[in-house]
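*Asks:* Curious how this folds, go ahead:
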Amino acid sequence: MSLYTYLLIAAVIFVVGAYGILTQRSGIKILMCIELMLNAANLNFVAFSSFNSSTSGQVFALFSIAIGAAEAAIGFAILVALFRVRDTINLDDINILRW
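*Replies:* As a prediction, the model looks like this:
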């Protein structure tokens, strides 16, 4: 497969994630869409790394995966705490963080 194919697949995955963030109201779905966008960026890192015969893109992808895992764990913990207070994970109904 060529570099163009990988970049096209990554762009499609990124657009699906961005569309999901803009249209969904559930906190869990938004976290999944953020993960899709991070995975699209990781695919770009690995594709360019493979194209340039370098391992630096793969190292960046590993760091990005670790950051994505931490983001998902913290985001899920926040959603669980909000669910205990408000009994919903619909982000339109949650106004606890407003002044």
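
*Asks:* C-alpha from now on. contacts and neighbour counts both.
*Replies:* Will do.

*Asks:* per-residue confidence at the closest residue to L36 other than its chain neighbours?
*Replies:* Excluding the flanking residues, the one nearest L36 by CA to CA, 6 or more residues apart in numbering is G17, at 5.3 Å. Looking at G17, its pLDDT reads 95.

*Asks:* what sits against G17?
*Replies:* In this structure, G17 makes contact with M32, C33, I34, E35, L36, M37, judged by CA atoms under 8 Å, 6 or more residues apart in numbering.

*Asks:* Helix or strand next in line after the helix or strand hosting the third one, which one?
*Replies:* With elements taken from DSSP states H and E, the one containing I34 is helix 27-51. Remark: after helix 27-51, the chain's next helix or strand is helix 56-86, criterion DSSP H and E.

*Asks:* Would you mark the buried spots in stretch 73-85?
*Replies:* Neighbour-count burial for stretch 73-85 flags G75, L79, V80, L82 (criterion: 16 or more other CA atoms under 10 Å).

*Asks:* residue ranges with poor pLDDT in the chain?
*Replies:* Counting by pLDDT under 70, the chain shows low-confidence ranges at 96-99.

*Asks:* still on that earlier bit, pick out whichever of the buried residues of stretch 73-85 sits closest to A66.
*Replies:* Ranked by distance to A66 (CA to CA), those are led by G75 at 14.1 Å.
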